[in-house]
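Predicted structure and sequence below. I'll ask about it afterward.
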Amino acid sequence: MAGRSDTKLTQREKAAILLISMGKNQAAQIFKYLTEEEVATLTLAITTTQKVTKEESEGVLTEFLETCLAQKYISEGGLEYARGVLTKALGDGKAGEILDKLTETLQVRPFEYIRKADVMQITHLVANENPQTIALLLSYLDPKKASGVLAALPNDLQVEIVTRMANMESVIPEYIREAEMILEQRLAKMGMSDQTAVGGLDAVVKIINSVDRGTEKNILESLDILDPELSENIKKNMFVFEDIAKLSNQAIQRVLKDVQQSDIAIALKGANEEVKGAIMNNLSKRLQEMIIDDLSVMGPMRVKDVEDAQQRVVNTVRALEENGEIIVSRGDDSDVLI
């Protein structure tokens, strides 16, 4: 490498100088994380490296440190955040040089900051974005996360985005940076960055599934009036007593095996005709007669006692579903067997 002061060092030469500067022990630790081909390439570069000047060593180490810091800042707050911090510390020219070099050498992928967001956050972020920008963003996302975002978008938009992604060969770096900056700023304004997912429909369903039948009815009936759409979404994702009529005959029979006869009779006292029919039709003739006799002699009962019996039936359904003994439909076609 004689005369290197007059020529620009290659990335391979810089890597060799960095490893030499670190010493044998540190270099050996780094080699553990490299492929055999990378180790062979760097070993060759090290063995062909002649005398390394102090200026060269310091220059490479400084560049390495600046690159690491830039990647850290990008990971923490995105490209524009990194640019702001580096500009304050090193000046606009040096900051731009470092970030451009990072992008060129693919040491940092575009949309680094946004890729930390979850599927729901990204879906909200691109809800009103043009298809080309969405296609560009999805191209840089983890495939699993990208598929989740794509699935959440309208059908006609899905087709257009997939088409644009398939036809996307190269994009002007300036366009990538502009799109990244706009989306990062929008994500920050939405207050969704660096947040842990809490609440949501799943959390609501789990809570309502755990309350007593009276509380459950009160919440759902109130939501029917206040927010019918939310109420319907909750019902689709949870199992309520009235859903027994939607179970297969085989599933109902399995559930009734684990429910006490007295609970069946009490639960039916407050049931609608569809549920009564579904349960009675899946009892043996002898049990049907016994339940009918129980109902005929059963006097008025407290609403809470009826609801408690219904809740015990529901709990049995949920336990059997959790154990994989029955299949419970969730309001769409995903559980239909064909």
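Nice, I can see it.

ok, now how distant is residue 84 from residue 218?
51 Å (C-beta to C-beta, to the nearest Å). (Each C-beta comes from the backbone N, C-alpha and C, glycine too.)

Equivalent analysis for residue 188, please.
Here the criterion is C-beta to C-beta. By it, residue 188 lies 40 Å from residue 218.

now swap in residue 150 and tell me
The spacing between residue 150 and residue 218, counted by C-beta to C-beta, is 39 Å.

okay, the two: which has more neighbours?
When residue 150 and residue 218 are compared on other C-beta atoms under 10 Å, the one with more neighbours turns out to be residue 150, at 19 against 12.

gap between the two ends of stretch 151-171?
24 Å (C-alpha to C-alpha, to the nearest Å).

For it, buried residues please.
Applying a neighbour-count criterion of 16 or more other C-beta atoms under 10 Å, the buried positions in stretch 151-171 are 153, 160-161, 164-165.

JSON lines please, covering those residues and showing pLDDT, distance to residue 296 and secondary structure.
Shown next, in JSON lines, are the buried residues of stretch 151-171 (pLDDT from 0 to 100; distance: C-beta to C-beta, whole Å; DSSP: H, G, I helix; E, B strand; the rest coil):
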{"residue": "153", "pLDDT": "87", "distance to residue 296": "57", "secondary structure": "coil"}
{"residue": "160", "pLDDT": "86", "distance to residue 296": "64", "secondary structure": "helix"}
{"residue": "161", "pLDDT": "87", "distance to residue 296": "63", "secondary structure": "helix"}
{"residue": "164", "pLDDT": "84", "distance to residue 296": "68", "secondary structure": "helix"}
{"residue": "165", "pLDDT": "83", "distance to residue 296": "67", "secondary structure": "helix"}
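
Okay, and residue 311 sits in which element?
Residue 311 is located in helix 303-322, with elements delineated by DSSP states H and E.

Please identify the buried residues of that helix?
In helix 303-322, residues buried by neighbour count (16+ other C-beta under 10 Å) are 306-314, 316-317, 320-321.

what do you get for stretch 256-271?
Neighbour-count burial for stretch 256-271 flags 256, 259, 263-271 (criterion: 16+ other C-beta under 10 Å).

Go through those residues and name the one nearest residue 134.
Residue 134 lies nearest to residue 271 out of those, by C-beta to C-beta, at 48.2 Å.

Return the residues in contact with that closest one.
241-242, 279, 310 (C-beta atoms under 8 Å, 6 or more residues apart in numbering).

most surrounded residue in those?
Counting neighbours by other C-beta under 10 Å, the top entry in the contacts of residue 271 is residue 310, with 26 neighbours.

Quick check: it touching residue 270?
Yes - in this structure, residue 310 sits in contact with residue 270. The criterion is C-beta atoms under 8 Å, and the distance is 6.7 Å.

Return stretch 274-286 as PDB; C-alpha atoms alone will do.
As requested, C-alpha coordinates have been extracted for stretch 274-286 and formatted as PDB (Å, rounded to 0.1, in the frame of the first residue of the first chain):
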ATOM      1  CA  GLU A 274     -82.200 -20.100  18.600                       C
ATOM      2  CA  VAL A 275     -79.900 -20.900  21.500                       C
ATOM      3  CA  LYS A 276     -82.500 -23.100  23.200                       C
ATOM      4  CA  GLY A 277     -83.000 -25.000  20.000                       C
ATOM      5  CA  ALA A 278     -79.300 -25.500  19.400                       C
ATOM      6  CA  ILE A 279     -78.800 -26.900  22.900                       C
ATOM      7  CA  MET A 280     -81.900 -29.000  23.100                       C
ATOM      8  CA  ASN A 281     -81.300 -30.600  19.700                       C
ATOM      9  CA  ASN A 282     -77.900 -31.800  20.900                       C
ATOM     10  CA  LEU A 283     -79.100 -33.500  24.100                       C
ATOM     11  CA  SER A 284     -80.200 -37.100  24.300                       C
ATOM     12  CA  LYS A 285     -84.000 -37.600  24.400                       C
ATOM     13  CA  ARG A 286     -83.800 -38.500  28.100                       C
END
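
So for residue 213, what's the pLDDT?
Among the per-residue scores, residue 213 shows a pLDDT of 68.
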